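Student: Next input, structure requested:
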Amino acid sequence: MKRLLQYINSNVLIKVASLNSASVVTKIIAGFLTSKAIALFVGAEGLALIGNLRDFLRSAQSVATLGFYNGLVKYIAEFKNNTIELSKTISTIFYVGFISTIIVSSLCYFNADYINDSIFSYYNDYAYVIKIVAIALPFYALNMFTFGILNGFSKYKILIIINIIGQILGLSVTILLIYKERIDGALISVAIAESLIFLITLVGVANQRSLIPLVKVKSISFSYLKKLSSFSIMAIFSAILLPMVAIAIRSYIIDSNEVSGMQDAGHWEAMNRISKYYLMFVSSLLTLYILPRFSEIDNIKEFRAEVFNFYKTIIPIFGAGLLLIYLLRHFIITLVFTKEEFAPVADLFLWQLLGDFVKVLSIVIAYQFLAKKMFWHYIITEAFSVLTLYFTSVYFIDIYGVKGANMAHFATYVLYYGLILLIFSTSLFGVIPEEDVED
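Tutor: So this is what the prediction gives:
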């Protein structure tokens with residue numbers, strides 16, 4: 001634990017604490033207040049529709065930006081003092097991303113009715129919301145582009161201000177729209193909230209006007225496209241599959257019970273929201289420490305030591321936190337949602353918490369895929385987990401109802417963890433090579 005804290009204090013926290021502490025806390029508080037407003041003015045059925053739109057939007061955003069964000073940050077940080085290479089990086093990502101965004105936006109706009117029928121089902125006419133998504137997408141893409149530039153140039157103080165103000169702005173717009181327009185307002189807020197942040201990001205990037213002349217068509221480099229392709233494919237792969245499977249599961253819950261299907265789907269979405277809130281703390285720590293640490297490590301001995309050190313220090317605390325959440329589940333439901341309409345969510349906590357515990361055990365190790373760019377390992381294991389989640393959900397929902405989806409969550413990550421342990425069995429449990437021992 002001491003080594004972990006020393007590493008965070010000396011190497012990472014100073015640079016990215018803004019994105020992993022104050023911003024995370026602000027996001028959680030905003031999420032709580034938004035969930036409360038949805039519960040009071042929209043209800044469980046509306047929450048299910050909001051969940052479907054949010055999942056669709058996540059996929060559309062990732063495809064529109066081609067998952068370039070991490071690559072943009074990496075190469076700007078690497079070439080910020082090299083004007084020629086910096087121009088190639090910015091120009092390639094800007095123009096290719098612009099074309100991709102326009103294509104995705106056009107497809108969404110002109111196929112709004114089909115998308116509406118796919119994610120909202122035939123009895124909900126929200127095609128106009130999909131058209132709003134299409135119009136807002138370019139602003140989201142520009143926001144991510146400018147945000148990546150600021151991140152690459154290590155403008156962390158500006159980033160934390162943008163994050164916090166953006167969360168407050170999004171919360172204000174969301175609550176106002178929900179209060180005025182109920183479900184329609186909630187859906188519109190999902191469509192525009194992240195794109196509105198571009199107005200704030202513009203202020204933050206104003207002092208980077210010297211970069212504008214670097215954006216040139218002739219500086220587009222296909223070699224950079226090749227370098228970015230691994231970042232792009234991995235990001236898009238997960239960003240498409242996971243949300244689409246979530247929509248499919250939510251739709252299956254709705255269709256499985258004509259009387260209470262929509263409410264059941266809303267309860268499942270409520271449990272997912274609560275899970276997302278407490279997992280933010282763990283995911284921020286993984287990004288803060290595990291990913292950069294694994295990137296530095298070049299031998300089995302250190303990799304094994306870091307994994308088991310994390311297990312010994314963080315996992316017991318995380319497990320105790322999950323136990324506390326389970327004991328306080330009724331209070332949490334009342335605090336975040338409403339006691340009456342969302343009371344059935346309490347029955348979903350056990351399997352969700354167990355699944356999240358195993359999930360953290362597995363992704364700690366799986367971060368090695370990203371750290372070492374183990375492309376095919378990442379693709380195959382992600383595909384395995386997504387397919388397993390869908391088919392086990394269908395199986396368990398048929399038997400146990402909505403609770404079956406949470407049981408499938410647990411079963412999926414048990415199998416995924418087993419696969420991860422199999423892949424890294426030599427690194428974690430095998431004999432350490434002599435050269436690694438000597439190091």
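Student: Which of the three states applies to residue 99?
Tutor: Following DSSP: H, G, I helix; E, B strand; the rest coil, residue 99 is assigned to helix.
Student: ok, residue 359 touching residue 413?
Tutor: Yes. If you go by C-beta atoms under 8 Å, residue 359 and residue 413 touch, sitting 4.5 Å apart. Bear in mind the C-beta positions are built from the backbone N, C-alpha and C, glycine included.
Student: shaky segments in the stretch 201-350 of the chain?
Tutor: The model of the stretch 201-350 of the chain has pLDDT under 70 over residues 203-219, 231, 258-259, 287-289, 291-292, 295.
Student: now with 80?
Tutor: 201-232, 234-235, 257-260, 281, 284-300 (pLDDT under 80).
Student: what about the residue nearest to residue 314 when sequence neighbours are not counted, distance to residue 354?
Tutor: Nearest in space to residue 314, with sequence neighbours left out and distances taken as C-beta to C-beta, 6 or more residues apart in numbering, is residue 285 at 6.9 Å. Using C-beta to C-beta, to the nearest Å, one obtains 20 Å as the distance from residue 285 to residue 354.
Student: Also residue 320?
Tutor: Counting by C-beta to C-beta, the gap from residue 320 to residue 354 is 14 Å.
Student: quick one, which of those two is more surrounded?
Tutor: Between residue 320 and residue 354, counting by other C-beta atoms under 10 Å, residue 354 is the more crowded of the two (19 against 10).
Student: Which element, helix or strand, includes the residue nearest to residue 314?
Tutor: Using DSSP states H and E, residue 285 falls within helix 261-285.
Student: by contact count, what packs against that helix?
Tutor: helix 23-41, helix 44-65, helix 222-256, helix 315-327, helix 329-336, helix 349-371, helix 403-423 (3 or more C-beta pairs under 8 Å, 6 or more residues apart in numbering; DSSP states H and E).
Student: One more pass at 10 Å, please.
Tutor: helix 23-41, helix 44-65, helix 222-256, helix 315-327, helix 329-336, helix 349-371, helix 375-400, helix 403-423 (3 or more C-beta pairs under 10 Å, 6 or more residues apart in numbering; DSSP states H and E).
Student: Tell me which of those sits most buried.
Tutor: helix 44-65 (a mean of 23; mean count of other C-beta atoms under 10 Å).
Student: any idea of the mean pLDDT for it?
Tutor: What helix 44-65 shows for mean pLDDT is 88.
Student: what's the angle from that helix to helix 23-41?
Tutor: Helix 44-65 runs at 140 degrees relative to helix 23-41, counting by axes from the mean of the first three to the mean of the last three C-alpha atoms, to 10 degrees.
Student: roughly how far out does helix 44-65 sit from the chain middle?
Tutor: 12 Å (C-alpha atoms, centre = their mean, to the nearest Å).
Student: so what does that helix touch, helix or strand wise?
Tutor: Going by 3+ C-beta pairs under 10 Å, 6+ apart, helix 44-65 lies up against helix 23-41, helix 83-110, helix 112-119, helix 127-152, helix 183-205, helix 222-256, helix 261-285.
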